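Chemist: Structure for this input, please:
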Amino acid sequence: MRRRLGLAIVGAAALAWGEWVNWRWSRALVGSGTGASEAVVVLGFRNPQPTANFINRWRVRAGIRSVAADGPGSTRVIFSGGVTGTGAPEAQLMADYAKAALSYDGTVLLEDRSTTTWENITNVIPLLEDVDRIKFASQPAHALKARAYLRRQRPDLAERVVRADDHRPGEWMIGKPLLALYGWWSLRGLGPEERKAAP
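Modeler: Residues are numbered from 1 along each chain as shown. Sure, this is the predicted structure:
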């Protein structure tokens, strides 16, 4: 009985920690942002099969729900990701999913050459120059890495970054401790000031 109680406490603590860490990452390196136009950048994940995989489908949903409340008219959704297998680029697979499964009919742009997060940022910069607000849609750790890379490459554009709807309490709850552990490893190259959540 005592052992089961101990395991339950450890499990609850792990879930709470995963939730908190992902919440914090989703709020790091973002501002309040103003203006009428925005871009939502959906970052691709390795996708060798001919349709969007589970992770890319979730990222597309997070991207579409990040579109501003005033509707898609003032928003462009940019799908970013090149070919990682023998089929179509990740960007195309994600765009196809957004249109076919989510019935998204707003402005869509494709960046289909990138194979790393650094390249994602480098290649989407020309598509971000004229927008007032920028959002990155991915798992919170990956989106934070993208925001940090934009800050390194174009600090002027990084000032326009606002939070995407990439973290919701309870979503992916069982997996969040693992996502948090992987996130700590993947963010090891970021400095403390890049991990700090916005006030």
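Chemist: how much space between the spatially most central residue of the chain and H167?
Modeler: What sits nearest the mean C-alpha location of the chain, by C-alpha atoms, centre = their mean, is S138, with 2.0 Å. Distance of S138 to H167, given as C-beta to C-beta, to the nearest Å: 11 Å. Using the backbone N, CA and C atoms, a C-beta is placed for each residue, glycine as well.
Chemist: Please, where are all the strands along this protein?
Modeler: 38-43, 75-80, 107-111, 133-137 (DSSP state E).
Chemist: Turn those strands into JSON lines, including mean pLDDT, distance to V124 and mean neighbour count.
Modeler: Formatted as JSON lines, the strands of the chain follow (pLDDT from 0 to 100; distance: least, C-beta to C-beta, whole Å; neighbours: other C-beta atoms under 10 Å):
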{"stretch": "strand 38-43", "mean pLDDT": "97", "distance to V124": "5", "mean neighbour count": "26"}
{"stretch": "strand 75-80", "mean pLDDT": "97", "distance to V124": "5", "mean neighbour count": "26"}
{"stretch": "strand 107-111", "mean pLDDT": "97", "distance to V124": "5", "mean neighbour count": "18"}
{"stretch": "strand 133-137", "mean pLDDT": "97", "distance to V124": "9", "mean neighbour count": "28"}
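Chemist: I'd like those strands as TSV, with distance to N123 appended.
Modeler: Output for the strands of the chain, formatted as TSV (distance: least, C-beta to C-beta, whole Å):
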stretch	distance to N123
strand 38-43	10
strand 75-80	7
strand 107-111	5
strand 133-137	14
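Chemist: closest one to Y97 among those strands?
Modeler: Set against Y97 and scored by C-beta to C-beta, these come closest in strand 75-80, at 9.3 Å.
Chemist: got a list of contacts for the closest one?
Modeler: 37-44, 60, 63-64, 67-68, 90-92, 94-95, 98, 104, 106-111, 114, 120, 123-124, 127-128, 131 (C-beta atoms under 8 Å, 6 or more residues apart in numbering).
Chemist: what angle do that strand and strand 38-43 make?
Modeler: Inter-element angle recorded for strand 75-80 and strand 38-43: 20 degrees (by axes from the mean of the first three to the mean of the last three C-alpha atoms, to 10 degrees).
Chemist: tilt between strand 75-80 and strand 133-137?
Modeler: Using the same axes, to 10 degrees: strand 75-80 against strand 133-137 is 40 degrees.
Chemist: do you know how far the closest residue to V21 other than its chain neighbours is from G35?
Modeler: If you skip the residues right next to it in sequence, V21 has A180 as its closest partner in space, 4.1 Å away by C-beta to C-beta, 6 or more residues apart in numbering. For A180, the distance to G35 equals 33 Å [C-beta to C-beta].
Chemist: now T122
Modeler: For T122, the distance to G35 - C-beta to C-beta - is 24 Å.
Chemist: Comparing those two, which shows the higher neighbour count?
Modeler: T122 (17 against 11; other C-beta atoms under 10 Å).
Chemist: do you know how far the residue nearest to V21 is from H167?
Modeler: A180 is 12 Å from H167, by C-beta to C-beta.
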